[in-house]
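Participant: Here you go, sequence then predicted model.
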Amino acid sequence: MKSINQEISHLDPKENIKILTILEGEGLGTKAIYKDNTLFQTDGNRDYFAGLENSIKDIQKSRKLELEDRTLILEVLNPDINVIIFGAGHVSLPVIKLLKEMEMHVTVYDDREGFDEWAYGAGADKVVIGNYDELTKNIESDENTYFIIVTQGHSSDEVCLENIIEKPFGYIGMIGSRHRIRHYHERFLEKGFTEEQWEKIHTPIGLPIKANTPFEIAVSILAEIIQVKNTKVTEKGYISKIVEIMQENPEGEYVMATVVERRGSAPRDLGAKMLVAANGDFYGTVGGGKMERRVLDEAKEVMKTGSPLFHYHDMTNVEAWETSSVCGGKMRVFIEKM
């Protein structure tokens, strides 16, 4: 049987996963995994965690739970966003680079031979070369799929849009001038599509920041994607890189730092994580700066002792301003050996 931490690294968020961890009270650090609000696995006190199923079933966002005898953090895992870009041209390349900075999975489609090298060079995870009409008809998607349509000279934009508009998606953005978009809107409706479908398309793509250069356009596109993403419940402390590292070396020694309390304008949200390996390498972030360096030092201590501890950081005092911790706010980080 897998340990609970091994199980966590192989979870599929599409199954509606929630993780409870005891922060205060009996069983400090004990975890439980729920699938579809039913207890799946725990490393202790199964009866206690089974009794919390009804308490968590309607909670859709990570939060701290204050119960009579214990304090826990409930983490709601949501699927990673997968971005599909149609077109590997001059606009797509900075978009790919920015998306990878946000740790999103990026697939690029193009109908031109040789453009796969450009896309891979920018950081794309996968590139597919072929006919747009055939490729788009066979794409599988869900509500966490974000489509960006920027084909060469807009020659295949309409084909791509019309083949994906009835598939599930979280975002569709299509490039184009307002004049071109206005005329295509009419053709879109004439082809039998609906006004309701049209209103779900972000076009012209990107927030209106008067962008001109490819990089500026990419920034406007990413800003719009962030805006859409942050209106939905998409937080996930177990970012893909952390899960990947745990899967590659499941027997390795790790310490996990998790933000379990946040007040004011602290830099990271509840549930944000940083994984620290035995060799000192770390993945993810709990906020950066002097605070994160202290957490890394304390993670080394937890690695040695195996005993969990809390790091409390106040970014509202004079010391914080003098050491450039200017975000403000307060944070508490739970540091545990995995």
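Facilitator: Nice, I can see it.
Participant: Please enumerate residues in contact with stretch 118-131?
Facilitator: The contact list for stretch 118-131 (CB atoms under 8 Å, 6 or more residues apart in numbering) reads 85, 88, 92-94, 96-97, 99-100, 105-113, 115-116, 135. Using the backbone N, CA and C atoms, a C-beta is placed for each residue, glycine as well.
Participant: run the last query once more with 10 Å
Facilitator: 82-85, 87-90, 92-101, 104-117, 135-139, 156, 159 (CB atoms under 10 Å, 6 or more residues apart in numbering).
Participant: Check which residues of that stretch are buried.
Facilitator: Within stretch 118-131, the residues that count as buried by 16 or more other CB atoms under 10 Å are 118-119, 122, 124-125, 127, 129.
Participant: Ser9: which of these is nearest?
Facilitator: Nearest to Ser9 among the buried residues of stretch 118-131: Asp125, at 19.2 Å, using CB to CB.
Participant: most centrally placed residue in the chain?
Facilitator: In the chain, the centroid-proximal residue (CA atoms, centre = their mean) is Asp80; its distance is 5.0 Å.
Participant: any idea how far Ile8 is from that residue?
Facilitator: 15 Å (CB to CB, to the nearest Å).
Participant: try Lys126
Facilitator: From Lys126 across to Ile8, the span is 26 Å (CB to CB).
Participant: the bottom helix or strand of the protein by mean pLDDT?
Facilitator: Least confident helix or strand of the chain, by mean pLDDT, DSSP states H and E, is helix 318-322 with a mean of 47.
Participant: Check Ala264 and give its pLDDT.
Facilitator: Residue 264: Gly, not Ala. In this model, Gly264 is scored at 70, pLDDT.
Participant: distance of it from Glu298?
Facilitator: Distance, Gly264 to Glu298, using CB to CB: 22 Å.
Participant: More neighbours: the two, which one.
Facilitator: Glu298 (18 against 12; other CB atoms under 10 Å).
Participant: my guess is the more buried one meets Val286, correct?
Facilitator: No - if you go by CB atoms under 10 Å, Glu298 and Val286 don't touch, sitting 11.2 Å apart.
Participant: joint contacts of the two?
Facilitator: With CB under 10 Å, 6+ apart as the test, Glu298 and Val286 both reach 257, 311, 333, 335.
Participant: what's near enough to touch the closest residue to the second one other than its chain neighbours?
Facilitator: The reference is to His311. Excluding the flanking residues, the one nearest His311 by CB to CB, 6 or more residues apart in numbering is Val333, at 4.4 Å. Contact analysis of Val333 by CB under 10 Å, 6+ apart lists 257-262, 268, 272-274, 286-287, 291-292, 294-295, 298-299, 309-313.
Participant: roughly how far apart are the residue of the chain most remote from its centre and Ile59?
Facilitator: For the chain, the largest distance from the centre (CA atoms, centre = their mean) belongs to Glu190, which lies 37.5 Å off. Distance of Glu190 to Ile59, computed by CB to CB: 46 Å.
Participant: got it, and Glu117?
Facilitator: Distance, Glu117 to Ile59, by CB to CB: 46 Å.
Participant: likewise Leu207?
Facilitator: Between Leu207 and Ile59 the computed distance is 31 Å (CB to CB).
Participant: where exactly do the helices run in the stretch 151-300 of the chain?
Facilitator: Remark: helices assigned in the stretch 151-300 of the chain by DSSP state H, counting those that start in this stretch are 157-164, 178-190, 195-198, 214-229, 240-248, 289-305.
Participant: biggest separation within the shared contacts of Glu298 and Val286, which pair?
Facilitator: Spatial extent of the shared contacts of Glu298 and Val286 (CB to CB) is set by the pair Ala257 and His311 at 7.6 Å.
Participant: Between those two, tell me which one has more neighbours.
Facilitator: Using other CB under 10 Å, the more surrounded residue of Ala257 and His311 is Ala257, with 26 against 19.
Participant: ok, now which ones touch the more buried one?
Facilitator: 272-276, 282, 284-287, 292, 295-296, 298-299, 302, 311, 333-336.
Participant: If you count neighbours, what's buried in the lengthiest strand in the chain?
Facilitator: The longest strand of the chain (DSSP state E) is strand 254-263. Neighbour-count burial for strand 254-263 flags 254-262 (criterion: 16+ other CB under 10 Å).
Participant: Pull up the overlap in contacts between Ala257 and His311.
Facilitator: Contact with both Ala257 and His311 is made by residues 286, 292, 295, 298-299, 333-335, according to CB under 10 Å, 6+ apart.
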